[in-house]
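>>> Sharing a model prediction with you, sequence too.
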Amino acid sequence: MRLLFWIALIALIVFAVRSKFRAMARRAAVLPKAQRGPAAPPGQIEAMSQCAHCGMYFPSSESVRADGHDYCSPGHVRLPPP
């Protein structure tokens, strides 16, 4: 009877430890990259521009230039600056 108790106790401990390791592995696979650790350094830093109409900042490579101003979209080119 005593032997059966010890076998059950050891089996329960093994089951609990394995369950904890599986949960940790699942959590590590689900975490976003930002929480996993330091990200790789960026390749190149791009200059930012500000929309002449709404004031939003965006990468200069995405800007729409008109009349010497930068705009975030073609729709804002048609609107006057505030």
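Great, that's in hand.

>>> May I see the buried residues of the helix or strand hosting residue 26?
Following DSSP states H and E, one finds residue 26 within helix 2-30. Across helix 2-30, burial judged by 16 or more other CB atoms under 10 Å covers no residue at all. From N, CA and C alone the C-beta is placed, and that goes for glycine too.

>>> Tell me which other helices or strands it touches.
Applying 3 or more CB pairs under 8 Å, 6 or more residues apart in numbering; DSSP states H and E, we find helix 2-30 packed against no helix or strand.

>>> try 10 Å
helix 33-36 (3 or more CB pairs under 10 Å, 6 or more residues apart in numbering; DSSP states H and E).

>>> Do I have it right that residue 59 meets residue 51?
No: using CB atoms under 10 Å, residue 59 is not in contact with residue 51; the gap is 11.9 Å.

>>> quick one: which of these two has more around it?
The neighbour count for residue 59 versus residue 51, taken as other CB atoms under 10 Å, is higher for residue 51 (19 against 10).

>>> Check which element follows the helix or strand bottoming out on mean pLDDT in the chain along the chain.
Lowest by mean pLDDT, DSSP states H and E among the helices and strands of the chain is helix 33-36, with a mean of 51. Downstream of helix 33-36, the next assigned helix or strand under DSSP H and E is strand 48-50.

>>> can you list the domain ranges for the protein.
If you go by automatic domain parsing, the domain ranges for the chain are 1-34, 47-82.

>>> Quick check: buried residues in the last one?
For domain 47-82, burial by neighbour count (16+ other CB under 10 Å) applies to 49, 51-53, 58, 63-64, 69-73, 76-77.

>>> so where's this structure shaky on pLDDT?
Within the chain, the segments meeting pLDDT under 70 span 31-42, 81-82.

>>> switch the cut-off to 80
Scanning the chain for pLDDT under 80 picks out 27-44, 80-82.

>>> before we move on, back to that, list just the nearest of the buried residues of domain 47-82 to residue 7.
Residue 7 has its nearest neighbour among the buried residues of domain 47-82 in residue 58, at 65.7 Å by CB to CB.
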